[in-house]
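K.L.:
Sharing a model that was predicted from the sequence below.
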Amino acid sequence: MSEEGFLPDDFLRQIMAAGEVDILVGVRSLNNRDTIQRIISAVRVGLVKYFPRERAALVNLDGGSTDGTPDLVKSAAAPDFRTLLAADPLRTMHTLTTTYSSIRGKGDALHAILAAADLLRAKACALVDPATESITPEWMDALIRPIYREGFDFLAPVYRRYKFDGLLINHILSPMIAAAYGCEIEEPLGDQSAFSHRLAAHYLNQDAWQQDLMRFAPEIWMTATALAGDFRLCQAFLGPKLHSAKASGTALASTIQQVVGSLFSCLEMHESYWASHQGSRTAPLFGFVYDVDLPPLRVNRKRTLSKFQKGVEELTSILEPVLSQPTFRHIREVARLPEVGFPDELWVKIIYEFAGAFHRSVINRDHLLQALTPLYLGRIDSFLTENHKSGAAQVREKTKQLCAQYVSLKTYLIERWNAKA
């Protein structure tokens, strides 16, 4: 389908009126009344400050907000740049607005932003999440410059988080991307990212747009597709990541089902690439990296342990066809311990066996992914127990060791992936 075929007529008219731009920033919104005006101001100030001579467009895709977010976007006054930067912008900054179907999810918004970027011939594009309260004008430079000035095709963010934040990313997503695709990316699910016009065109030519993973986690697909296409990837340090109060998470079981399911689906799409790819490298990192104290996250470890132990017993009929006998026997031994001790090697084998079972559809895929939840809770309980006195740097080192285990056991992933039902 051509770009013009699925974009609303009014949005196409706005694109034609804007002509061509050098830089495009896409903002997907849904009931972000409390933050949207400040985020848009930060984007505008950043573009004027760091790219004063470039033609720019801010594109807002709204998913049906009921709190007046679209009206706030349309009525948002341009900042008084002279009070902020001692200069006025040298070029007009276009603001384009339209809607996307929240039923079809994030992928619908991404598709429209990519189409707009292609029609506007934007050389560099950035995506910004208005639920991230810590966005500053400097993020525009960090996101866009490596694409626009340095010739990279995809940029993933690096945030400074509380030491036990982002556990699902650190224990499954990032290390599995590193092992399978051969590139260490700290945040393959980043809410902020950037990409080149060349990569935007490549994304538009893919046939994944109607798949479920595009509804739930298109960010993983973007990262994996860029890697599988041998595009130039990099990372940029953005600093602390703070979410607005409304940006509360989905239930853990649903999150695992959506996010890990999307990762496994990407492995299916790109099997010919990763199955023959050897080794792993770290994507270049731009920016000044620093530590900062962040508020801790509270976790009920007693409840986490109980759910793990109960889940292992109650889900035996589901876990047995998914896992090898030695792995399942080891899990049951761990579940009987007064304090869970979950070795890295056991955890990696569990994820690789789940990936293989997902690929072979040994049971209903939704049921399979839901059964991963109590095992994940057991792993996390063990990790929290072992590291509750560790500093942030020590915890990051432990996650690097886990990533190395994923990479070293890649042959086991291939073995389980190709195993007969």
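P.N.:
Received the coordinates, thanks.
K.L.:
Could you list the low-pLDDT ranges of this protein?
P.N.:
1-5, 77-90, 245-249, 421 (pLDDT under 70).
K.L.:
what packs against the longest helix seen in it?
P.N.:
In the chain, with assignment by DSSP state H, the single longest helix is helix 365-387. Applying 3 or more Cβ pairs under 8 Å, 6 or more residues apart in numbering; DSSP states H and E, we find helix 365-387 packed against helix 167-168, helix 252-269, helix 301-314, helix 316-322, helix 325-335, helix 344-360, helix 392-408. Quick note: C-beta positions are derived from backbone N, CA and C, even for glycine.
K.L.:
any chance of those in JSON lines, with distance to residue 22 too?
P.N.:
Shown next, in JSON lines, are the helices and strands packed on helix 365-387 (distance: least, Cβ to Cβ, whole Å):
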{"stretch": "helix 167-168", "distance to residue 22": "36"}
{"stretch": "helix 252-269", "distance to residue 22": "31"}
{"stretch": "helix 301-314", "distance to residue 22": "49"}
{"stretch": "helix 316-322", "distance to residue 22": "49"}
{"stretch": "helix 325-335", "distance to residue 22": "52"}
{"stretch": "helix 344-360", "distance to residue 22": "41"}
{"stretch": "helix 392-408", "distance to residue 22": "36"}
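K.L.:
Tell me which of these lies nearest to residue 376.
P.N.:
The closest of these to residue 376 is helix 252-269. By Cβ to Cβ, the value is 6.3 Å.
K.L.:
Check the offset of the closest one from the chain's centre.
P.N.:
Between the centre of helix 252-269 and the centre of its chain there are 12 Å (Cα atoms, centre = their mean, to the nearest Å).
K.L.:
then it to CSV, C-alphas only?
P.N.:
Extracted C-alpha coordinates of helix 252-269, given in CSV (Å, rounded to 0.1, in the frame of the first residue of the first chain):
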residue,chain,number,x,y,z
LEU,A,252,3.1,-8.4,34.2
ALA,A,253,1.6,-11.5,32.5
SER,A,254,0.2,-9.3,29.7
THR,A,255,3.5,-7.4,29.3
ILE,A,256,5.5,-10.6,29.0
GLN,A,257,3.0,-12.0,26.6
GLN,A,258,3.1,-8.9,24.4
VAL,A,259,6.8,-8.0,24.6
VAL,A,260,8.5,-11.4,24.7
GLY,A,261,6.0,-12.7,22.1
SER,A,262,7.0,-9.8,19.8
LEU,A,263,10.7,-10.7,20.3
PHE,A,264,10.1,-14.3,19.4
SER,A,265,8.1,-13.2,16.4
CYS,A,266,11.0,-11.1,15.2
LEU,A,267,13.3,-14.1,15.5
GLU,A,268,10.9,-16.0,13.2
MET,A,269,11.0,-13.1,10.7
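K.L.:
what's the angle from it to helix 344-360?
P.N.:
Here helix 252-269 runs at an angle of 70 degrees relative to helix 344-360 (axes from the mean of the first three to the mean of the last three Cα atoms, to 10 degrees).
K.L.:
Buried residues of the helix or strand that helix 252-269 is followed by, list them for me.
P.N.:
For helix 252-269, the succeeding helix or strand toward the C-terminus, using DSSP states H and E, is helix 271-274. Neighbour-count burial for helix 271-274, counted by 16 or more other Cβ atoms under 10 Å, picks out 271, 273, 274.
K.L.:
Packing partners of whichever helix or strand comes after helix 271-274?
P.N.:
The helix or strand immediately downstream of helix 271-274 is strand 281-282, counting by DSSP H and E. The criterion is 3+ Cβ pairs under 8 Å, 6+ apart, and the helices and strands that strand 281-282 contacts are strand 183-184.
K.L.:
Going by contacts, tell me the helices and strands next to the strand it packs on.
P.N.:
Secondary-structure packing of strand 183-184 (3+ Cβ pairs under 8 Å, 6+ apart): helix 174-181, strand 281-282.
K.L.:
Could you state which residue of this structure sits nearest its centroid?
P.N.:
Of all residues in the chain, the one closest to the mean position by Cα atoms, centre = their mean is residue 189, 1.2 Å from it.
K.L.:
The closest residue to it other than its chain neighbours: neighbour count?
P.N.:
Residue nearest to residue 189 in three dimensions, not counting chain neighbours: residue 219, with 5.0 Å by Cβ to Cβ, 6 or more residues apart in numbering. By the criterion of other Cβ atoms under 10 Å, residue 219 has 23 neighbours.
K.L.:
if we can go back for a sec, report the inter-axis angle for the longest helix of the chain versus helix 325-335.
P.N.:
Going by the same axes, to 10 degrees, helix 365-387 makes 50 degrees with helix 325-335.
K.L.:
Helix 365-387 vs helix 392-408, what angle?
P.N.:
Counting by the same axes, to 10 degrees, helix 365-387 lies at 130 degrees to helix 392-408.
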